[in-house]
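Visitor: how would this look folded up:
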Amino acid sequence: MAGTCGWTAPGFEGVREAFEANFAAGLEVGAAFAAYHRGRKVVDLWGGVADVETGRPWEEDAIILVFSTTKGVTAVCANKLAQEGRLDPEAPVVRYWPGFGRNGKEDIPVGYLLSHQAGLAWVDGELTAEEALSWEPVIEALENQHPNWKPGTQHGYHATTFGWLVGELIRRVDGRRVGTYLREEIAGPLGLDLWIGLPEEQEPRVARLISMLPESVSVDSLAEPGDDPVLSMMAQFLGPRTALGRALFAPGGALTDQAIWNSRAMRAAEVPSANGVTDARSLARLYAACIGEVDGIRVLTPEQVRQATVQRTEGPNTVLLDMDIQFGLGFMVRSSAVSVGGAGSFGHFGAGGSMGWADPGAELAFGYVMNRMDIGLAGDQRSFNLVRACYAALR
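Guide: Okay, the predicted model is just below:
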């Protein structure tokens, strides 16, 4: 394994020890972690192997697809429009997007899209791979979709549809696609290596994901697991007839194929719920700029952060296996299942373990990325070890 590279500010040496301990315990293949405190970078670490097929080491400039950690990035974009008075969370979606109001959706407010209460966690039918990685076919499917449940009566994770719903809202309000808005309004000014829709010239930097599932496992195999006990157990949670399975693989097509997530086609598309490509230091810097100034730039005002982190959901998340995972305006907020940071903490986790997070009270922000995917739906042991080490440094 390539050794740990990077640095920590004085007092944060324990974070490096935690990072190295994750590798020593066999929990990592390649990973990076960064943290900011009071607008200043205090941790920037990376190490391991970026591509197990070639043995390429995880270099300083490695970037990787971060699955649902992307939702937090998309939420930052939507909240920036809200603080500018251009997007009202309490207004009906149809004020900005008239075609959305078909089939019982005319009264759904913007806030329901951002907090997973709209009842549009999946679409009926299935799009082709090409359609699923295009924009308009998915938007048309969502416009025509009847809600999966009565909007506002429960909340259930819109695992993939969140990105198209909120992304189209951003496009209708601003005129720019979410990937362009992100680059021009946020990532560019802050100097972030962060994209939704990765330019081809950045491809050589991308680390290769290592799936938590055997390559032989497909959505079809989960539909009919036969006598295989492992597949049978997985089918209970991820099968195509379960709420979580339907939400994770909506709208079908390309998203049901494990191999697509390591492909140029996926990284080139705009899937604002799941295909952001970035590094740890960019996630940490983004969240630091949401809770304070970073080199003179602040993305969200304190008032907008307060509004964005008010818990808008309650009770079990009916898609995420009835877990206590709660949402504000697009961000996960602190709950019994997501106990990172103090009151007012917010951010988002991604499938496999990646995370971007901020704690306004402690003036801390974190970013964690990795290529070895684990099962946790809201972070896992690796990121928690690193975050705990940051809080220990403050003490």
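Visitor: Ramachandran angles for residue 184?
Guide: The phi/psi pair for residue 184 (degrees, to the nearest 10) reads phi -80, psi -30.
Visitor: ditto for the one 10 residues further on
Guide: Here the main-chain torsion angles of residue 194 (degrees, to the nearest 10) amount to phi -150, psi 120.
Visitor: Which stretches in this structure count as strands?
Guide: Ranges of strands in the chain, per DSSP state E, are 5-8, 30-37, 40-51, 56-57, 64-65, 194-196, 276-278, 326-327, 332-333, 346-349, 355-359, 364-370.
Visitor: Just put those in a markdown table and tack on distance to residue 74.
Guide: From N, CA and C alone the C-beta is placed, and that goes for glycine too. Formatted as a markdown table, the strands of the chain follow (distance: least, Cβ to Cβ, whole Å):
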| stretch | distance to residue 74 |
| --- | --- |
| strand 5-8 | 28 |
| strand 30-37 | 20 |
| strand 40-51 | 24 |
| strand 56-57 | 30 |
| strand 64-65 | 14 |
| strand 194-196 | 7 |
| strand 276-278 | 8 |
| strand 326-327 | 13 |
| strand 332-333 | 13 |
| strand 346-349 | 9 |
| strand 355-359 | 11 |
| strand 364-370 | 16 |
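Visitor: any chance of the ones you listed in TSV, plus distance to residue 78 and mean pLDDT?
Guide: Output for the strands of the chain, formatted as TSV (distance: least, Cβ to Cβ, whole Å; pLDDT from 0 to 100):
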stretch	distance to residue 78	mean pLDDT
strand 5-8	32	98
strand 30-37	22	98
strand 40-51	26	98
strand 56-57	36	97
strand 64-65	21	98
strand 194-196	13	98
strand 276-278	14	98
strand 326-327	13	98
strand 332-333	15	98
strand 346-349	13	98
strand 355-359	15	98
strand 364-370	19	98
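Visitor: Just tell me which of those strands ends up closest to residue 175.
Guide: Residue 175 lies closest to strand 194-196 among those, at 16.4 Å (Cβ to Cβ).
Visitor: contact partners of that closest one?
Guide: 70, 73-74, 178-179, 182-183, 187, 202, 270-272, 275-278, 282-283, 286 (Cβ atoms under 8 Å, 6 or more residues apart in numbering).
Visitor: now do 10 Å
Guide: 63, 66, 70, 73-74, 77, 163, 167, 177-183, 186-188, 202, 267-279, 282-283, 285-286, 356, 367 (Cβ atoms under 10 Å, 6 or more residues apart in numbering).
Visitor: before we move on, back to that, which of the strands of the chain sits closest to residue 83?
Guide: Short answer: strand 346-349, nearest of the strands of the chain by Cβ to Cβ, at 14.9 Å.
Visitor: can you give me how far that closest one is from the chain middle?
Guide: Averaging C-alpha positions (Cα atoms, centre = their mean, to the nearest Å) puts strand 346-349 7 Å from its chain's average.
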